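# I would like to see how this sequence folds:
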Amino acid sequence: MSFRKDFIWGTATASYQIEGGAFDDGKGLSVWDRFSHTKGKVFEDHNGDISCDHYHRYEEDLALLKRLGIRNYRFSISWPRLLPEGKGRINQKGLDYYNRLIDGLLERNIRPFITLFHWDYPLELFKKGGWENPNSPKWFEEYAALCANEYGDRVKDFIPLNEPPCFIGMGHVTGEHAPGLKLPLSASIVMGHNALISNGLAIRAIRSTVKGANIGYAPNFNPMMPASDSKEDIDAARIAYFYVPEDPENWYWNVSWWSDPVIFGTYPEQGLKNYGRYLPKNWQDDMSIIKQRLDFYGQNIYQGQYVKSAQNEKGFEVLKHKPGIAKTASEWPVTPDCLYWAAKYLYERYKLPLIITENGMADIDTVFLDGKVHDISRIDYLHKYLIALKTAAKEGVDVAGYFQWSFLDNFEWARGYADRFGIVYIDYDTLERIPKDSAYWYKSVIETNGECL
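Numbering: from 1, shown residues only. Got it, this is the predicted structure:
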């Protein structure tokens, strides 16, 4: 049995990670432009000024997508490339660039999925308070409306926000990512709330303009997996997956705080008990905006953690990984069953078609003497994870799609160019593109709709 006949097979990228052209054709600066140029913030002081130079080489990359059999391409738009100050003045050259990209995809029968925000927040809006500013949702609504009006005649698939737990938590709590802040709960909780309002306003703006819009949401969290087949451990892992930790340094790292409001129109009860006092005054009035109809629910998933039932207040215990567990080049544990359990638990709770909006691995990739890149570890990783996802589909989970991360090796945020996630190798000296063995393997998976797994 294969995946459903209309299964969405794709690959994904993000604007700052691949485009380069950081100062070209009227683009404004983003928080990542500043952060990556701040000494010591990114591995070996790498930056995204050039990256893969996709901004100038997009035609070559579109041809490569077609040659590799990619039918669906998830990419993000650079907010400051369209609106250099984040609002107001429009940069026509930025608009034109994405029009050319979209037209090029459609000419090759590749379906575009647009992510509106994948972390490159306009620097000028950050100077005005960024996500903490109560006007920030309106700024995002203006940007979303611009994209809907400009591209909605050809693009129907939209994801307003990518990984709010990361861009709020790692950008404004731990300071590991741009803009590099370490803020108290009184600020970061408000920022998260404003991001959710922004998501709701963006969905409304898209639906009001784009006929037949297909809109999703793409948060992230490491799934919890039962340590055994016992009912007790399965129930414990479910509880753990949606648990909101009482931890001011890691409050953001959970599923339900970011997804329950969007889908149910309410924050989880346990989360309100822990953090409700930090929400803005009259926050309840915002819930009708935050809760919007979704056509699919996305999750970015790479690794999971095992859980067993425990006689404690929480009812579960998160276990350490066993010594010697397989890991990726970025030291992330390889846990294929996480896709199975995530699909089961998420569909059970939210009852929406599920798309894995990111999944993949960093490998130690190199060009062999034969001029090719033989990444057998990535093939094995993807194969195992997709088998787990396929099992969930067989058991009744409405799995609607899968986007491999990533199409190209790229700027991996604070890791710079240290980690290679692509199925296409990038020589950062020459910018040559070399499809890896995994690219051809994935092509066969797409062609057979997963029958070859």
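# element containing His56?
helix 54-67 (DSSP states H and E).
# chain center to the helix or strand that that helix is followed by, what's the gap?
Scanning forward in sequence from helix 54-67 by DSSP H and E, the next helix or strand is strand 72-76. How far strand 72-76 lies from its chain's middle: 11 Å, per Cα atoms, centre = their mean, to the nearest Å.
# what does stretch 403-421 give?
That offset, for stretch 403-421, works out to 12 Å (Cα atoms, centre = their mean).
# neighbours around the closest residue in space to Leu386 that isn't next to it in sequence, how many?
The shortest distance from Leu386 to any residue other than its chain neighbours is 5.4 Å, reached at Leu453 (Cβ to Cβ, 6 or more residues apart in numbering). In short, each C-beta sits where N, CA and C put it, glycine included. Using other Cβ atoms under 10 Å, the number of residues around Leu453 comes to 16.
# My understanding was that Leu453 contacts Thr391; is that so?
No. The criterion here is Cβ atoms under 8 Å, and Leu453 misses it with Thr391 at 10.1 Å.
# related to what we said a few turns ago, list the buried residues for the helix holding His56?
54-55, 57-58, 61-62, 64-66 (16 or more other Cβ atoms under 10 Å).
# and what of stretch 169-189?
Per 16+ other Cβ under 10 Å, stretch 169-189 contains these buried residues: 169-173, 177-181, 183, 187-189.
# Which residues are in contact with Glu124?
Glu124 is in contact with 28-29, 80, 84-86, counting by Cβ atoms under 8 Å, 6 or more residues apart in numbering.
# Look at it and give its secondary structure.
Secondary structure assignment for Glu124 (DSSP: H, G, I helix; E, B strand; the rest coil): helix.
# Show the pLDDT at it.
Per-residue pLDDT puts Glu124 at 98.
# which residue sits closest to the spatially most central residue of the chain in space, ignoring its chain neighbours?
The centroid of the chain falls nearest to Asn162 when counting by Cα atoms, centre = their mean (4.3 Å). Excluding the flanking residues, the one nearest Asn162 by Cβ to Cβ, 6+ apart is His118, at 4.4 Å.
# Repeat that for Tyr297.
Leu352 (4.1 Å).
# One more: Tyr98?
Excluding its sequence neighbours, the residue lying closest to Tyr98 (Cβ to Cβ, 6+ apart) is Ile77, at 5.9 Å.
# one step back: in the buried residues of helix 54-67, find the pair that's most separated.
Spanning the widest gap among these are Tyr55 and Lys66, at 19.2 Å by Cβ to Cβ.
# Between the buried residues of helix 54-67, which sits nearest Trp9?
Leu65 (12.1 Å).
# Was I right to think Leu183 contacts Val173?
Yes. Leu183 sits in contact with Val173 when judged by Cβ under 8 Å, with a separation of 6.5 Å.
# Please give me every residue in contact with the closest residue in space to Glu432 that isn't next to it in sequence.
Excluding the flanking residues, the one nearest Glu432 by Cβ to Cβ, 6+ apart is Ile426, at 7.6 Å. Residues in contact with Ile426, defined by Cβ under 8 Å, 6+ apart, are 52, 408-410, 432-433.
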